[in-house]
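Q: Pasted the sequence and its predicted model underneath.
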Amino acid sequence: MDPLSRRRMLIAGGAMGALGALGMAAPAQARSLWTWSPSGSVAGSGPGTDPNWVWDEEADRLLASVIDRGDVPGVNQLLRSWTRNDQPLPDGLPRDLREFMDRARRLPSWADQDKLNLAARFNKTRGFYLNLLNGVGGGMLSTAIPREARAVYYSKGGADMEDRVAKTSKLGFAVGALNAYQPDGHIVVEAVKTRLVHAAVRHLLPKSPGWSGTSGGQKIPISLADMLVTWHTLPTFAMRKLTEWKVPVTRAESEAYLHLWQVTAHLLGIRDEYIPATWDAAEAQSRQLLDPVLGPTPEGVELTDILLGQLAEQTSPGGVDRPLVNALARYLVGDQVADWDGIPREPFWEGAIEAAWPKLVAFRESLIPLPLVPALAWTIDEAARQYIMFCLTKGRAVHIEIPDANRSF
């Protein structure tokens, strides 16, 4: 066994041992009775069915058929040319898939373009924080979600995490782009493609012996509850941290940022009755869905190690800044999640970040109101995003594509 694999195994064993020491009283992976009311959703009503037992029925039936017919390679090739929100679907797609995608790409009736435009301006001034929170923070939370970590690990994308992260980043950057929901933006395209991928994984993953042995009894992966859990690692977590860091956010900006992610959730196939209408509703739902299911898995520890290794490589070839990356990740998600993820302690860097970060935020916020600073901040943030994407992709084109098999071992 090579030293790195042995290290991962030891970290994973330590994390699992820590969980075992908590005994049956541990909250991790305990699922409480679903009590969140659909009156708190953008729909304002609904049957209140537990989303742990709800999937994306129409998409799931369709993608099962697409896979079983052997259409995946041809469809992926055609969809490579579909890149803009306003672009027609490519000719040659199977009729049933085209009809579904034509419906799936439509914005909900409640979408507010003014709010989406304000959200874009908010991203322009706060992109530095949001990219860090959604990328590193959200990534570390996701690997501490047992169902998500195992679904990623055993699905086709788990075999090449660099490619998997690049595709996830492609979706995330599309959400945060200034033109996200403009005709020349890309989020509608990337969200619909991601919805197709999720449906394909639901069809494929139950056939994986590796996943079925770790699914905790779940027969079909990526329920709407699982999707909402992941959703809360992004906007809900980000807004919570902005508040904690005392970043000035107006009520209009806060509502617009939530709206950006509400529309994105709809495009990803989450039913409107589950999409929180307010931040209070989002926090209540997050406490019920996300907080109780966090915990360690060997798969999550290994994925964390890969993700942080990639981040270190992006910031400094050769990975010499890995201790700093470890400390930053721990600062963002806290010690409990970091321990579950097997992130090593870095006393020097942890102390330095804890002391310096509030001052950095205060200094940055003092500059934001000055003329030209928001544009300059966005330029720097955008350059950083492009650099990260280039490092992840090695300069090659990256496409979110439908899988037709699970990860092979």
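A: Noted; the coordinates are in hand. Numbering: from 1, shown residues only.
Q: List the buried residues in stretch 355-368.
A: For stretch 355-368, the neighbour count (16 or more other CB atoms under 10 Å) marks 361, 364 as buried. C-beta coordinates here come from the backbone N, C-alpha and C atoms, glycine included.
Q: likewise stretch 281-297?
A: By 16+ other CB under 10 Å, the buried positions in stretch 281-297 come out as 281-282, 284-286, 288-290, 292-297.
Q: ok, now how distant is residue 264 from residue 83?
A: Relative to residue 83, residue 264 is positioned 17 Å away (CB to CB, to the nearest Å).
Q: who's more crowded, those two?
A: Neighbour tally, residue 264 and residue 83, criterion other CB atoms under 10 Å: the higher count belongs to residue 264, 24 against 13.
Q: other SSEs contacting the helix or strand encompassing the more buried one?
A: Assigned by DSSP states H and E, residue 264 belongs to helix 251-267. If you count contacts as 3 or more CB pairs under 8 Å, 6 or more residues apart in numbering; DSSP states H and E, helix 251-267 packs onto helix 113-132, helix 161-176, helix 187-204, helix 224-231, helix 237-244, helix 279-289.
Q: And for residue 219, nearest residue in space, chain neighbours not counted?
A: Counting by CB to CB, 6 or more residues apart in numbering, residue 219 lies nearest to residue 206, which is 6.4 Å off, once chain neighbours are set aside.
Q: so that neighbour sits right up against residue 222, yeah?
A: No. Using CB atoms under 8 Å, residue 206 is not in contact with residue 222, being 11.0 Å away.
Q: Please identify which of those two sits among more neighbours.
A: residue 222 (23 against 15).
Q: Can you say which of the helices and strands packed on helix 251-267 is nearest to residue 256?
A: Checking the helices and strands packed on helix 251-267 against residue 256 by CB to CB gives helix 113-132 as the closest, at 3.9 Å.
Q: Which elements pack onto the closest one?
A: By 3+ CB pairs under 8 Å, 6+ apart, helix 113-132 packs against helix 161-176, helix 237-244, helix 251-267, helix 373-393.
Q: CA atoms of that helix as PDB?
A: The C-alpha coordinates for helix 113-132 follow below in PDB (Å, rounded to 0.1, in the frame of the first residue of the first chain):
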ATOM      1  CA  GLN A 113     -35.700  39.200 -13.600                       C
ATOM      2  CA  ASP A 114     -35.100  42.300 -11.500                       C
ATOM      3  CA  LYS A 115     -34.100  40.200  -8.500                       C
ATOM      4  CA  LEU A 116     -31.900  38.000 -10.700                       C
ATOM      5  CA  ASN A 117     -30.200  41.100 -12.000                       C
ATOM      6  CA  LEU A 118     -29.600  42.400  -8.500                       C
ATOM      7  CA  ALA A 119     -28.200  39.000  -7.500                       C
ATOM      8  CA  ALA A 120     -25.700  39.400 -10.300                       C
ATOM      9  CA  ARG A 121     -24.600  42.800  -9.000                       C
ATOM     10  CA  PHE A 122     -24.400  41.200  -5.500                       C
ATOM     11  CA  ASN A 123     -22.100  38.500  -6.900                       C
ATOM     12  CA  LYS A 124     -20.000  41.300  -8.400                       C
ATOM     13  CA  THR A 125     -19.200  42.800  -5.100                       C
ATOM     14  CA  ARG A 126     -19.200  39.700  -2.900                       C
ATOM     15  CA  GLY A 127     -17.900  37.100  -5.300                       C
ATOM     16  CA  PHE A 128     -14.700  36.700  -3.300                       C
ATOM     17  CA  TYR A 129     -16.600  35.400  -0.300                       C
ATOM     18  CA  LEU A 130     -19.200  33.500  -2.200                       C
ATOM     19  CA  ASN A 131     -16.700  31.600  -4.400                       C
ATOM     20  CA  LEU A 132     -14.800  30.600  -1.300                       C
END
